[in-house]
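Q: kindly generate the corresponding structure for this input.
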Amino acid sequence: MLRATSELLHENGLRSMTTEQIAGRSGASKATIYKWWPNKYGVAIDAFFSEMQADSPDPDTGSARGDLMVWLRGLCHFYTGPSGRVFAQLFGEAQFDPEVASGLRDGLIRSRRATLETIWGRGVARGELRDDIDPDVAIDLIIGPALYRLMAGHASLDDADADAIVDAAIRGLSA
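A: The predicted structure follows:
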């Protein structure tokens, strides 16, 4: 079911995909789907996470700037790849559906933020980053511009853009 749902997400998009299509493509009945998930959005979240690694690897390059650049480049590659459109659709749906919002927070956002918290802690311990800044705010300063670019589509998200975002953030976050 998850593979069929992933295919439908990429082919049709979240809003256009139906439970009937999931059932038809997977060979499962709608009753089976509803036994395990409350709606198509629940299946979509599980399918989305099964297709990608929810955990973001910790690059540990030896410097906070290097770690953040590698990490943000990876996020930008994800956003501009085939799953970026699906993520944007799920993120949009999360504004209206508390279960989708909870699924995204618990399944993806927390794991990615945990990696950044580790990077932040190492940078503070090495004296590279300021210890008087709330780590959650610092993380938002790094993720926010890339997410905004994904959602608004007003600017690119290539490696140079990721590096520019990190450089701008580091100027205010450096010790």
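Q: what number of residues lie near residue 17?
A: With neighbours defined by other CB atoms under 10 Å, the count for residue 17 comes to 24. (Glycine included, C-beta is placed from N, CA and C.)
Q: poorly predicted segments of this protein, please.
A: 53-56 (pLDDT under 70).
Q: need the helices for it, in chain order.
A: Here the chain has its helices, by DSSP state H, at 2-12, 19-26, 30-36, 40-51, 64-80, 82-93, 98-104, 110-125, 135-152, 159-173.
Q: to residue 58, which of the ones you listed lies closest?
A: Among the helices of the chain, the nearest to residue 58 by CB to CB is helix 110-125 (5.3 Å).
Q: quick revisit: turn the helices of the chain into a markdown table, columns for distance to residue 58 and mean neighbour count.
A: Written out in a markdown table, the entries for these read as follows (distance: least, CB to CB, whole Å; neighbours: other CB atoms under 10 Å):
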| stretch | distance to residue 58 | mean neighbour count |
| --- | --- | --- |
| helix 2-12 | 26 | 18 |
| helix 19-26 | 35 | 16 |
| helix 30-36 | 32 | 13 |
| helix 40-51 | 19 | 21 |
| helix 64-80 | 7 | 20 |
| helix 82-93 | 21 | 18 |
| helix 98-104 | 21 | 16 |
| helix 110-125 | 5 | 18 |
| helix 135-152 | 14 | 17 |
| helix 159-173 | 16 | 17 |
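Q: as CSV, those helices with distance to residue 57 would be great.
A: As requested, these are exported to CSV (distance: least, CB to CB, whole Å):
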stretch, distance to residue 57
helix 2-12, 22
helix 19-26, 31
helix 30-36, 30
helix 40-51, 16
helix 64-80, 8
helix 82-93, 16
helix 98-104, 20
helix 110-125, 7
helix 135-152, 16
helix 159-173, 15
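Q: shouldn't residue 49 be in contact with residue 107?
A: Yes: at 5.0 Å, residue 49 and residue 107 qualify as touching, with contact defined as CB atoms under 8 Å.
Q: residue 109 and residue 33, how far apart?
A: Taking CB to CB, to the nearest Å as the criterion, residue 109 is separated from residue 33 by 25 Å.
Q: name the residues that touch stretch 4-13?
A: For stretch 4-13, the external contacting residues (CB atoms under 8 Å, 6 or more residues apart in numbering) are 17, 21-22, 25-26, 40, 43-44, 46-48, 50-51, 82, 85-86, 89.
Q: outline the domain layout of this structure.
A: Residue ranges for the structural domains of the chain, counted by automatic domain parsing, are given in the record as 2-49, 54-173.
Q: would you work out how far apart the start and end of the first one are?
A: End-to-end distance for domain 2-49, by CA to CA, to the nearest Å: 9 Å.
Q: pull the distance from it to the chain's centre.
A: Domain 2-49 has its C-alpha centroid displaced from the chain centroid by 20 Å (CA atoms, centre = their mean, to the nearest Å).
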